[in-house]
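[1] sequence plus the predicted model coming up.
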Amino acid sequence: QVQLVESGGGLVQAGGSLRLSCAASGSIFSINSMGWYRQAPGKQRELVAGITSGSSTNYADSVKGRFTISRDNAKNTVLLQMNSLKPEDTAVYYCNARRSTPQGTGVMIRDYWGQGTQVTVSS
């Protein structure tokens, strides 16, 4: 099992910054990648940014150039630095940890989720 605890959400004005933190514990040795997702009211959960165990990163087009994902392996923590925030960034942000295990010709995926943290950007 993997436990994820997020922190750092809050209310900020448009153009401001916030930093989200996700602390992982438990069977983290088995985790291949981690990331941040968000879900706004009435919308599906979407990937914001991801980072692999080798520190390769990927971002949603809507946040490229504004958000940066990083990891601190010594602290088992993943960070999301969010700059130039816009009202459309308002959502509940969830930390995700993914375990991908080869099985035969396929891959078994297991996702773990944090409880979510609210980010609200006022105009």
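    Nice, I can see it.
[2] the nearest residue to residue 31 once chain neighbours are set aside is in what secondary structure piece?
    Of all residues not flanking residue 31 in the chain, residue 97 sits nearest, at 4.8 Å (C-beta to C-beta, 6 or more residues apart in numbering). Every C-beta, even on glycine, is put in place using the N, C-alpha and C of the backbone. Following DSSP states H and E, one finds residue 97 within strand 91-103.
[3] partner strands of that strand, with direction?
    strand 33-39 (antiparallel), strand 106-113 (antiparallel), strand 117-122 (antiparallel) (DSSP bridges).
[4] is it possible to get TSV of those strands that adds mean neighbour count, distance to residue 5 and mean pLDDT?
    Formatted as TSV, the strands paired with strand 91-103 follow (neighbours: other C-beta atoms under 10 Å; distance: least, C-beta to C-beta, whole Å; pLDDT from 0 to 100):
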stretch	mean neighbour count	distance to residue 5	mean pLDDT
strand 33-39	22	13	96
strand 106-113	12	11	93
strand 117-122	17	10	98
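[5] now the strands for this structure?
    Using DSSP state E, the strands of the chain run over 2-7, 10-13, 18-26, 33-39, 46-52, 57-59, 67-72, 77-82, 91-103, 106-113, 117-122.
[6] may I see the buried residues of the fifth one?
    By 16 or more other C-beta atoms under 10 Å, the buried positions in strand 46-52 come out as 48, 49, 50, 51.
[7] how about the third one, nearest residue that isn't a chain neighbour?
    Among residues not flanking residue 50 along the chain, residue 35 sits closest, at 3.4 Å (C-beta to C-beta, 6+ apart).
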